[in-house]
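Enquirer: Test case, fold it:
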Amino acid sequence: MGLFDKLFKRNKEQQEQKEALDEGLKKTKEGFFSRITKAIAGKDKVDTEVLDQVEDALIGADVGVDTTVELIKRIEARVAKDKYLGTSELNRLLQEEIMNMLTEASSNEFTRFDVPAGKKPYVILVVGVNGVGKTTTIGKLSYNFKKNGKSVLMGAADTFRAAAVDQLTIWSERVGVPIVKKEMGTDPSAVAYDSVESGIARGSDVVIIDTAGRLHNKAHLMDELSKIRRVISKKMPDAPHEVLLVLDGSTGQNAIEQAKHFTAATDVTAIAITKLDGTAKGGVVLAIANQFKIPVKYIGVGEKMEDLQIFNKEEFVDSLFSLEK
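Expert: Next up, the predicted model:
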């Protein structure tokens, strides 16, 4: 394949991903803009009444009260400072301040399914409650890493549920990557250790380890995740290199509560937000990024394996505000 063929293929894939993102955020955008349109109807300036309506629109999109209040304060400051009085400027102000907020939450830029140099295997510990799409996310991550030329190994360390191991096994077969698994009731940390050991022996680029999705209580969760991390580090001192928290975007504020539990229990370094398609609660992405200051690294906007996308804040904001879509 020639250079131009590769560039064409890459551009086509990027276009398809942007279209999937536009479609995935459609319900959030429609609900959000219907409220914004109502807020500025018949108005010729940004006044208190307009800002109250904008506040309702943001909360309706599950941006959350704290993040909404902060956004409104920023817009008020911009209106006062820059003398933007026309409602026609409101969308642009919102876009700029949402982009600023996402940038402040994380300066990290992720552009492709890749891993840092010098970390082989790159060990990802995946955490999150049952039902958020954790197993599916692992499968889709494995597919996309493999598609990008990386060798992947899965580790089924959720040994409390037979269904979890079975589901991950199905994904390993579907994607075509090996899996380390043991019988039900095995110590999860032992499976995690064996997964890293196997990844090293195989020369794998990436090892993705599933963990139990039960909360029980914060102390139990903290103890279990701490043990897994401690045991893994015995085999590979700087591992895990990433702790990825998977959250269900369609649950809105409940996702934020889950994030509170897991960030208190372990050192979460990245977040994946699933099921953004089909929900009007896409604003939760902004709420989570702003509240926890942890990079939103992946978002799920559909059922296809390519629909797990690397989060691009510029494209996210563009999709949210593109009126012509």
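
Enquirer: what about stretch 39-48, distance to the chain center?
Expert: 34 Å (CA atoms, centre = their mean, to the nearest Å).

Enquirer: how long is it from one end to the other?
Expert: From its first residue to its last, stretch 39-48 covers 11 Å (CA to CA, to the nearest Å).

Enquirer: Pull out the buried residues from that stretch.
Expert: 39-40, 46 (16 or more other CB atoms under 10 Å). Placement of C-beta: from N, CA and C, glycine included.

Enquirer: what stretches of the stretch 151-300 of the chain score poorly on pLDDT?
Expert: Where the stretch 151-300 of the chain drops to pLDDT under 70, the residues are 214-219.

Enquirer: quick one: the strands in it?
Expert: Along the stretch 151-300 of the chain, counting by DSSP state E, counting those that start in this stretch, strands occupy 152-156, 179-180, 206-210, 242-248, 270-274, 296-300.

Enquirer: The last one - which strands sit beside it in the sheet, and in what orientation?
Expert: Here strand 296-300 is paired, per DSSP bridges, with strand 270-274 (parallel), strand 308-310 (antiparallel).

Enquirer: Centroid-nearest residue for the protein?
Expert: Ala272 (2.3 Å; CA atoms, centre = their mean).

Enquirer: How about that residue: what's its closest non-neighbour residue?
Expert: Take Ala272 and drop its neighbours on the chain: the residue closest to it by CB to CB, 6 or more residues apart in numbering is Tyr298, 4.0 Å away.

Enquirer: I'd say the one you found and Thr136 touch.
Expert: No: here Tyr298 does not reach Thr136: they are 11.7 Å apart, not a contact under CB atoms under 8 Å.

Enquirer: more crowded one of those two?
Expert: Neighbour count, other CB atoms under 10 Å: between Tyr298 and Thr136, Tyr298 has more, with 22 against 19.

Enquirer: show me what contacts that one?
Expert: Applying CB atoms under 8 Å, 6 or more residues apart in numbering to Tyr298 gives the contacts 137, 141, 244, 270-273, 308-311.

Enquirer: partner residues bridging the residue nearest to Ala272?
Expert: Ala272, Ile310.

Enquirer: domains of this structure?
Expert: 26-105, 122-321 (automatic domain parsing).

Enquirer: which of those sits most buried?
Expert: Sort those by mean neighbour count, taking mean count of other CB atoms under 10 Å, and domain 122-321 sits at the top with a mean of 20.

Enquirer: Can you get me the start-to-end distance on that domain?
Expert: Using CA to CA, the two ends of domain 122-321 sit 36 Å apart.

Enquirer: and what of stretch 17-33?
Expert: So stretch 17-33: terminal residues 22 Å apart, CA to CA.

Enquirer: The host helix or strand of Ala77 - what's its average pLDDT?
Expert: Following DSSP states H and E, the helix or strand that holds Ala77 is helix 65-82. Taken as a whole, helix 65-82 has an average pLDDT of 88.

Enquirer: how close does the closest residue to Ala57 other than its chain neighbours sit to Asn144?
Expert: Nearest non-adjacent residue to Ala57, counting by CB to CB, 6+ apart: Arg35, 3.4 Å away. The spacing between Arg35 and Asn144, counted by CB to CB, to the nearest Å, is 35 Å.

Enquirer: quick one: Gly118 from Ala61, how far?
Expert: Counting by CB to CB - Gly118 and Ala61 are separated by 41 Å.

Enquirer: whoops, Val317 was the one
Expert: 13 Å.

Enquirer: ok, now Gly199?
Expert: For Gly199 relative to Ala61 (CB to CB), the value is 40 Å.

Enquirer: Go ahead and confirm Leu286 touches Ile98.
Expert: Yes: the pair Leu286 / Ile98 is scored as a contact, 6.1 Å apart, by CB under 8 Å.

Enquirer: Over the helix or strand hosting Thr136, what's the mean pLDDT, rounded is fine.
Expert: Thr136 belongs to helix 134-147 when assigned by DSSP H and E. The average pLDDT within helix 134-147 is 96.

Enquirer: what about it, distance to the chain center?
Expert: Distance, centroid of helix 134-147 to centroid of chain: 13 Å (CA atoms, centre = their mean).
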